[in-house]
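>>> no sequence for this one, just the structure:
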């Protein structure tokens with residue numbers, strides 16, 4: 001059943017597909033009794049692997065065809081900065097659209113906004 005569900009979800013896009021499938025597998029497995037009784041605190045979240053840190057230094061956009069969906073942002077110092085000038089990409093060593101990563105709208109919305117890049 002899990003394989004069939006993951007096959008249907010694959011059409012949603014690779015990042016969303018992987019997130020949903022990994023969450024489904026993690027939630028469907030039961031922890032060992034020793035893990036349930038462990039009183040050790042959880043390690044603190046690593047800012048470089050959560051939230052904006054995941055996309056730090058990358059060009060990102062949300063999926064879709066609206067003008068808002070077409071905006072490309074540079075994630076810099078934990079903030080999304082809208083790249084207003086298309087010439088900025090090549091002058092800073094980026095290839096457009098090859099270097100733009102499409103991320104879920106919820107992930108992009110969770111990143112605080114910074115100053116636009118003119």
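Thanks, I have it. Note that the coordinates shown come from a computational prediction; the quantities given were computed from them, not determined experimentally.
>>> C-alpha from now on. contacts and neighbour counts both.
Noted.
>>> name the residues of stretch 64-75 that are buried.
For stretch 64-75, a neighbour-count test (16 or more other Cα atoms under 10 Å) marks 72-75 as buried.
>>> can you list those residues in a markdown table and add secondary structure?
Formatted as a markdown table, those follow (DSSP: H, G, I helix; E, B strand; the rest coil):
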| residue | secondary structure |
| --- | --- |
| 72 | coil |
| 73 | strand |
| 74 | strand |
| 75 | strand |
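>>> quick one, domains of the protein?
By the assignment in automatic domain parsing, the chain contains the domains 2-30, 51-109.
>>> list the contacts of residue 75.
52, 55-60, 81 (Cα atoms under 8 Å, 6 or more residues apart in numbering).
>>> how about the nearest residue to residue 56, chain neighbours excluded?
residue 75 (5.0 Å; Cα to Cα, 6 or more residues apart in numbering).
>>> before we move on, back to that, lowest average pLDDT across the domains of the chain?
Ranked by mean pLDDT, these bottom out at domain 2-30, with a mean of 41.
>>> just the closest of the buried residues of stretch 64-75 to residue 102, please.
residue 72 (9.3 Å; Cα to Cα).
>>> ok, the closest one - contacts?
59-61, 82-83, 100.
>>> buried subset of the residues you listed, written for PyMOL?
The PyMOL command for the buried members of those (criterion: 16+ other Cα under 10 Å) is given here:
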select buried, resi 59+60+61+82+83+100
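>>> before we move on, the earlier item: how close does the residue nearest to residue 56 get to residue 63?
17 Å (Cα to Cα, to the nearest Å).
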